[in-house]
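>>> what's the 3D shape of this:
(chains A, B, C and D)
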Protein chains: 2
Amino acid sequence: MGKAEDTKARVERAALTLFVARGVAETTTKEIAMAASIAEGTIYRYFPSKEQLARDLFLRHHRALAEALAEAQRAAKGLRAKIDAIVRCYCEWADRDWTLFAYHLLNQHSFLIQVPDDTPNPVTVVREVIAQAMKAGEIPRRNADLAAAAAIGVVLQPATYKVYGRFTGLLSEHARFFADAAWAVLAVKEK
Amino acid sequence: MGKAEDTKARVERAALTLFVARGVAETTTKEIAMAASIAEGTIYRYFPSKEQLARDLFLRHHRALAEALAEAQRAAKGLRAKIDAIVRCYCEWADRDWTLFAYHLLNQHSFLIQVPDDTPNPVTVVREVIAQAMKAGEIPRRNADLAAAAAIGVVLQPATYKVYGRFTGLLSEHARFFADAAWAVLAVKEK
DNA sequence: TGTAATTGAGTGATTGTTCACTTATATTAT
DNA sequence: ATAATATAAGTGAACAATCACTCAATTACA
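Next comes the predicted model:
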């Protein structure tokens, strides 16, 4: 890694850690600089603004996650296998870089509005898999957005509580349960 | 309602609406005052600071929701009935004052840390119900925090997506599905 | 020696909060 | 009833602190 690249990476990592710990608005550029062991002005060699830095961080992860999930899903055949693959991929992604993951999780509402419609989207990937399975008769037909949201919640809520410090250990350790539970949600029959 | 109480209520409602629309940090006291049709200084007759105003709003709702859920749960016998009661109570609570509900949902991470341990807590209510049911053999035994989180996610994630504008209509319309899905999650068998 | 990288004091705009003062409402005295 | 007085509510300009961002000067390095 070149020196410049190294500095840029240090800025990103410092910002990320502080953003998660104290929130984006509550983190100052001075703090970021201190945490990265550089001067405040150096941030602006690599990022045009604090906001853009925050957005870049979010969008890059958002896209990469969506693509990873799409790839994992594509390799599996049948809904049950696709759920397993998606859940496992998601958990591993979270465990690999927990700070980045937490940042993405806690700041969806700030950035999700600004995401261009054509960018890969983790939720859309899941929604499409579910809509397909409904069409194929693998699970009961119902509002696909609703079903996707409920199934996603089975994984996201435990992840959120882990961010809050309610859990310890890796998310992957529970991947089996998450997949079983998500499947159970989708298989719920209309009465 | 006295004049003072009316003014205080107007400040709270204005703040709430702006906090949800633009975020707490991004909302200025000037904007709150304008939206409430009062002078900026008047805010400080009723609240010591903007932060305290935000915290008050959150905590009051947090406690009230927890107590409502505890009460709803108490009246029902057996896990299945308790889930129905909790989910229904939660959905109605959300539909009754959606702005307040959205505020609570979107700002958990900011305030949950500052909540005193002895205050009624919506999550704890659910967790206790589930732990009891495990003890009684109504559902398989597993980590109660994990099971609670997953079950809660089934409702919270759709609610979150409704805040983002992905859904329209009342949350209560889906209460039946949420309850069925939460039950299905809790009933998942160890393999 | 010349280019790229870094520094950090300085800047201007923003924002939460204060406070001296005005206006409205309630209470008491005549 | 009416005036006099006291209290409560409301105002908005002014203040002090903060913060994102700039830039002239300095350092690293090839």
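
>>> Run through chain A and note the low-pLDDT ranges.
With pLDDT under 70 as the threshold, chain A has low-confidence stretches at A:1-3, A:191.

>>> thought A:Asp84 was touching A:Ala76?
Yes. With contact defined as Cβ atoms under 8 Å, A:Asp84 and A:Ala76 form a contacting pair (6.9 Å). In this view, the C-beta of every residue, glycine as well, is placed from N, C-alpha and C.

>>> In terms of neighbours, single out the busier of the two.
Ranked by neighbour count (other Cβ atoms under 10 Å in any protein chain shown), A:Asp84 and A:Ala76 place A:Asp84 first, with 20 against 16.

>>> buried ones in the helix or strand where A:Phe178 lies?
Taking DSSP states H and E as the criterion, the element that holds A:Phe178 is helix A:175-187. When burial is assessed from 16 or more other Cβ atoms under 10 Å in any protein chain shown, helix A:175-187 yields the following buried residues: A:175-186.

>>> any idea how far A:Arg176 is from the residue nearest to A:Ser172 when sequence neighbours are not counted?
On the basis of Cβ to Cβ, 6 or more residues apart in numbering or on different chains, the spatially nearest residue to A:Ser172 that is not a chain neighbour turns out to be A:Cys91, at 4.3 Å. Noted for A:Cys91: a distance of 10 Å to A:Arg176, by Cβ to Cβ, to the nearest Å.

>>> Which strands or helices does the helix holding A:Phe178 pack on?
In this structure, helix A:175-187 packs against helix A:79-96, helix A:144-163, helix B:144-163, helix B:175-187, with contacts taken as 3 or more Cβ pairs under 8 Å, 6 or more residues apart in numbering or on different chains; DSSP states H and E.

>>> Now do that helix against helix B:175-187, angle only.
What separates the directions of helix A:175-187 and helix B:175-187 is an angle of 150 degrees, with axes from the mean of the first three to the mean of the last three Cα atoms, to 10 degrees.

>>> which residues touch helix A:175-187?
A:79-80, A:83-84, A:87-88, A:91, A:130, A:133, A:139-140, A:147, A:150-152, A:154-155, A:158, B:142, B:146, B:150, B:154, B:181, B:184-185, B:187-189, B:191 (Cβ atoms under 8 Å, 6 or more residues apart in numbering or on different chains).

>>> And stretch A:42-57, by the same measure?
Looking at stretch A:42-57 with Cβ under 8 Å, 6+ apart, the contacting residues turn out to be A:4, A:7-8, A:11-12, A:15-16, A:19, A:24, A:29, A:32-33, A:36, A:100, A:103, A:107, A:110-111, A:114.

>>> for that stretch, which positions count as buried?
By 16+ other Cβ under 10 Å, the buried positions in stretch A:42-57 come out as A:42-43, A:46-47, A:50, A:53-55, A:57.

>>> what does stretch A:76-96 give?
Using 16+ other Cβ under 10 Å as the burial criterion, the residues of stretch A:76-96 that qualify are A:76, A:79-80, A:82-91, A:93-94.
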